[in-house]
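Chemist: give me a model of this one.
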Amino acid sequence: GDVIEGSLTFSFQDKTISFPANPNLLPPLSLTNALLQLPNLSNVEVTISESTETDNSSSSTTTTTYTITFLKFPTTPYENNVWNHDGNPPLDHFYCDDTASNAACTLHDVTPTANGPRAREYVSCSNHGRCLEKTTGECVCDVGWSGAACQDNVRNGVLERLVLAGADWL
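Modeler: As a prediction, the model looks like this:
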C-alpha cells in the first residue's frame, strides 16, 4: 500500500490545528482530543476511512478520508468582531488544506432533517426556557430541559424518548 505522508491543516474561524495525514500516527480519538483543544469547538466526532483504487496497469492508490462531525459548539460562544455565528456556522468558516499527496480533505455542509443531524443554534435559553437575567445570562429551563442554556433534554437516557412521545415529565 501507499505510505501517507505530509500533514493536514484544519481551520475553523481563526483557530487552526495541523496533524499528520497518516492515520497510523494520529488515530481518530487522538485527533478528536486535539480538535477539542480549540476554544470554538465543544464536541466533535472523527472517523477515518480508506479506499483503494486500481488502475489499468494494476497499480493501486489508497486515499484516506477524515470525517469530522461537529456535534456541539460551546454553550458560551467563542466570538470576536470578525468571526461569529448563531450556532450553525456557514461552510466558509471552515478550511482544510490537504498538503499530503494522497489524503483527501473535503468539507461538506450538513442539511438538517427530522431524523438526521441538527445543529443547535444559539438562541436565548435554546428556546426551551427563559432568561432570568440578561446580564448574567442565567436560564430557567422549561420542564424536561436542563443545562446552562436549557440545551439538554436527556435525563438518565430516557427523557428524550418521553418528550418525543409527548409524555409528561416525571
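Chemist: show me what the spatially most central residue of the chain is bridged to.
Modeler: Centroid-nearest residue in the chain: residue 70, 0.9 Å away (criterion: C-alpha atoms, centre = their mean). When assigned by DSSP bridges, residue 70 has beta-bridge partners residue 44.
Chemist: from residue 130, how far out is it?
Modeler: Relative to residue 130, residue 70 is positioned 27 Å away (criterion: C-beta to C-beta, to the nearest Å). C-beta: built from backbone N, CA, C; applies to glycine.
Chemist: next: residue 14.
Modeler: In this structure, residue 14 lies at 33 Å from residue 130, with C-beta to C-beta as the measure.
Chemist: in stretch 6-13, what's buried?
Modeler: Taking 16 or more other C-beta atoms under 10 Å as the basis for neighbour counts, the residues of stretch 6-13 that come out buried are 7, 8, 10, 12, 13.
Chemist: pLDDT weak spots in this protein?
Modeler: Judged by pLDDT under 70, the chain has its weakly predicted residues at 1-2, 75-81, 85-88, 100-102, 104, 109-122, 134-135, 154-170.
Chemist: as a quick check, tell me the outermost residue of this structure.
Modeler: When distances to the mean C-alpha position of the chain are computed (C-alpha atoms, centre = their mean), the maximum falls on residue 57, with 40.0 Å.
Chemist: that residue: what secondary structure?
Modeler: For residue 57, the reduced secondary structure class is coil; criterion used: DSSP: H, G, I helix; E, B strand; the rest coil.
Chemist: close enough to count as contact, the residue nearest to the centre of the chain and residue 44?
Modeler: Yes. At 5.6 Å, residue 70 counts as touching residue 44 under the criterion of C-beta atoms under 8 Å.
Chemist: helices of this protein, start to end?
Modeler: For the chain, applying DSSP state H gives helices covering 28-35, 159-164.
Chemist: before we move on, the earlier item: quick one: the buried residues of stretch 6-13 as TSV, columns for distance to residue 74 too.
Modeler: TSV is the format used below for these (distance: C-beta to C-beta, whole Å):
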residue	distance to residue 74
7	26
8	23
10	17
12	12
13	12
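Chemist: next step: the residues you listed restricted to strands.
Modeler: In strands, defined here by DSSP state E, the members of the buried residues of stretch 6-13 are 7, 8, 10, 12.
Chemist: which one of those residues is nearest residue 123?
Modeler: The shortest separation between residue 123 and any of those is 20.8 Å, and it belongs to residue 12 (by C-beta to C-beta).
Chemist: can you tell me which residues contact the closest one?
Modeler: Contacts for residue 12 (C-beta atoms under 8 Å, 6 or more residues apart in numbering) come out as 38, 40, 41, 89, 93, 94, 95.
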